[in-house]
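1. the amino acid sequence is not available; the structure is as follows:
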């Protein structure tokens, strides 16, 4: 119908795209990164933020997911890194 069912404010803004991931039991999660270096894990049905993780550097690219590992990079003067993060 095009009806908005939830939204999550991102205080720092974002240029990366969200990524949908699914648990073996079918639960849907959305992962979104913002420009302040924070990752959000969101319930795909309700929009509830399940958890956040601060990586400390600017995130300008979209995360990649392979099985239960999320891969993402940060940029910044003192914090340019690539991370592999297990999703549970």
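-> That came through fine. All values derive from a computational prediction rather than experimental measurement. Residues are numbered from 1 along each chain as shown.

2. list the buried ones in stretch 52-66?
-> Buried residues in stretch 52-66, counted by 16 or more other C-beta atoms under 10 Å: 55, 57, 58, 59, 62, 63, 65. Backbone N, C-alpha and C define where each C-beta goes, glycine included.

3. poorly predicted segments of this protein, please.
-> Nowhere does the chain drop to pLDDT under 70.

4. which parts of it are strands?
-> Secondary structure of the chain (DSSP state E): strands located at 19-22, 28-33, 38-43, 49-54, 64-66, 69-74, 81-86.

5. in its sheet, what does the shortest one sit against?
-> Going back to what we said before, that points to strand 64-66. Applying DSSP bridges, strand 64-66 is found paired with strand 69-74 (antiparallel).

6. let me see the residues that make contact with the partner strand.
-> Under the contact criterion C-beta atoms under 8 Å, 6 or more residues apart in numbering, strand 69-74 has outside partners 19, 21, 31, 33, 37, 39, 55-59, 61, 63-65, 80-87.

7. okay, the closest residue to residue 7 other than its chain neighbours and residue 10: tell me how far apart.
-> Nearest residue to residue 7, sequence neighbours excluded (C-beta to C-beta, 6 or more residues apart in numbering): residue 47, at 6.5 Å. As judged by C-beta to C-beta, to the nearest Å, residue 47 and residue 10 stand 12 Å apart.

8. repeat that for residue 59.
-> Counting by C-beta to C-beta, the gap from residue 59 to residue 10 is 11 Å.

9. returning to what we had before: isn't the residue nearest to residue 7 up against residue 4?
-> No. The criterion here is C-beta atoms under 8 Å, and residue 47 misses it with residue 4 at 9.7 Å.
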